[in-house]
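In: Predicted model and sequence below, questions to follow.
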Amino acid sequence: MREKLEQIRAKAIAEIEKSEGLSRLNDVRVAFLGKKGELTAVLKSMKDVKPEERPLVGQMVNETRAHIEGLLEETKARMEAAERELKLKKEVIDVTLPAKKNRVGHRHPNTIALEEVERIFIGMGYEVVEGPEVEYDYYNFEALNIPANHPAKDEQDTFYINDKIVLRTQTSPVQVRVMEQGKLPIRMIAPGRVFRSDEVDATHSPSFHQIEGLVIDKNITFADLKGTLAEFARELFGEDTKVKFRPHHFPFTEPSAEVDVSCFKCGGSGCRFCKGSGWIEILGCGMVHPRVLKMSGIDPEEYTGFAFGAGLERIALLKYEIDDMRLLYENDDRFLQQF
Ligand code: DAH
């Protein structure tokens, strides 16, 4: 028995010395001291030992176990220390190296312009609402009194998903969605992305943004529309800004107008910025067509209203004197940081 134990001890010592790494060391522990380990097997065979020899043999087994355990502990501690050492070496921080810069982004000119427009209209009691970018043909065209043969409906101008669904070409369908809800009066703006099948150039993009406006109440007149947009222009472009309404045509408003603001660069005397005219076009507007009100369930004998639609990029380009719309989509940090 003594010999057997000596053998086990010698084997264990050899295995411990050979083992590289903590997981190998644990395998050795299991192989010798585990439930099915070699030393445990010896303990289990004690019943075959003569009773008078049992205390002695027991003591020998315990000594062997203690020895192996001690060696395992020692080796484990050594390995752990070495590992820690290695890790610390790897994690050395060179405080003389330049620090990582935490680069903070910048709000996009579109966002800055939109927040400004929202601030102005919220100040006048408007709500900001949103509508879907993928829209039914009905909302985008039909309910806005845009007839089937209208050029805006041409495949050259509109991205069709199928014959009933389109990528909205304007934010005007949000007017219809809000009117349909039947809560009156309405005072809202609806900013959002729109899509048209346009080639990219300095003033065009297949995807851009509009801000729609809609007011419906009793006794709303063209004078309210004029006053509202004049106030908007003054807040956005400066106290001295004047507005000019030019007759125009939109299917969903009657009468309709396009609105120019006096050039905030030259004050109206004419410069390169306003192409010598003293005026800059900023939006389309009009009194909501009775047919549009009726289609959305509003009685045009009882309620009237006005609507307007402006291009967000156009406002941003004007306000920040950017001469190429493509700059707004490139997201070059050096450009964006300027606003
Ligand atoms: N939806 C028009 C467009 O995209 C802009 C517009 C004009 C909106 C007149 C309006 C409006 O609400 O009354 O060209």
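Out: Good, I have the coordinates.

In: Name the helix or strand for residue 309, please.
Out: According to DSSP states H and E, residue 309 maps onto strand 304-311.

In: Okay, buried residues for that strand please.
Out: Neighbour-count burial for strand 304-311, counted by 16 or more other CB atoms under 10 Å, picks out 304-311. From N, CA and C alone the C-beta is placed, and that goes for glycine too.

In: so what strands line up beside it?
Out: With DSSP bridges as the test, strand 304-311 is paired with strand 207-217 (antiparallel), strand 279-288 (antiparallel).

In: now check the longest one, is it near the ligand?
Out: To tie it back to what came earlier, the one meant is strand 207-217. Yes. Judged by CB under 6 Å from any ligand atom, strand 207-217 and the ligand are in contact via residue 212.

In: Please apply the same query to the shortest one.
Out: Yes. Judged by CB under 6 Å from any ligand atom, strand 279-288 comes into contact with the ligand at 284-286.

In: hmm, back to that, just the closest of the buried residues of strand 304-311 to the ligand, please.
Out: Of all these, residue 309 has the smallest distance to the ligand: 2.4 Å, by CB to the nearest ligand atom.

In: what sits against that closest one?
Out: If you count contacts by CB atoms under 8 Å, 6 or more residues apart in numbering, residue 309 has them with 170-172, 210-213, 283-285.

In: 6 Å instead?
Out: 210, 212, 284 (CB atoms under 6 Å, 6 or more residues apart in numbering).

In: Mind giving me the packing neighbours of the helix or strand just after the strand holding residue 309?
Out: Counting by DSSP H and E, the element after strand 304-311 in chain order, helix or strand, is helix 312-319. Contacts defined by 3 or more CB pairs under 6 Å, 6 or more residues apart in numbering; DSSP states H and E place helix 312-319 against helix 109-123, strand 207-217.

In: which one of these lies closest to residue 148?
Out: Of all the helices and strands packed on helix 312-319, it is strand 207-217 that lies closest to residue 148, at 22.7 Å by CB to CB.

In: starting at the chain centroid, how far to that closest one?
Out: Centroid separation for strand 207-217 versus its chain: 23 Å, with CA atoms, centre = their mean, to the nearest Å.

In: Any chance you could list what contacts that strand?
Out: Residues outside strand 207-217 that contact it (CB under 6 Å, 6+ apart) are 117, 171-172, 174-175, 185-191, 193-195, 303, 305-313.

In: Stretch 114-129 now?
Out: Under CB under 6 Å, 6+ apart, the answer for stretch 114-129 is 187-191, 211, 232, 235, 312.

In: and those, which of them are in strands?
Out: Judged by DSSP state E, the contacts of stretch 114-129 include 187-191, 211 as members of strands.

In: And the strands in the stretch 1-150 of the chain, which stretches?
Out: Along the stretch 1-150 of the chain, counting by DSSP state E, counting those that start in this stretch, strands occupy 127-128, 134-136.

In: which one of the buried residues of strand 304-311 is nearest residue 205?
Out: For those, the minimum distance to residue 205 (CB to CB) is 10.4 Å, reached by residue 311.

In: So for that closest one, what's the pLDDT?
Out: Note for residue 311: predicted pLDDT of 97.

In: residues in contact with it?
Out: The contact partners of residue 311, by CB under 6 Å, 6+ apart, come to residue 210.

In: elements contacting the longest helix along the chain?
Out: Criterion DSSP state H: the longest helix present in the chain is helix 54-90. Under the contact definition 3+ CB pairs under 6 Å, 6+ apart, helix 54-90 sits against helix 2-18, helix 22-33, helix 38-44.

In: any idea what sits nearest the residue in the stretch 51-200 of the chain positioned nearest to the ligand, other than its immediate chain neighbours?
Out: Closest residue of the stretch 51-200 of the chain to the ligand, CB to the nearest ligand atom: residue 170 (3.6 Å). Nearest residue to residue 170 in three dimensions, chain neighbours excluded: residue 194, at 5.6 Å (CB to CB, 6 or more residues apart in numbering).
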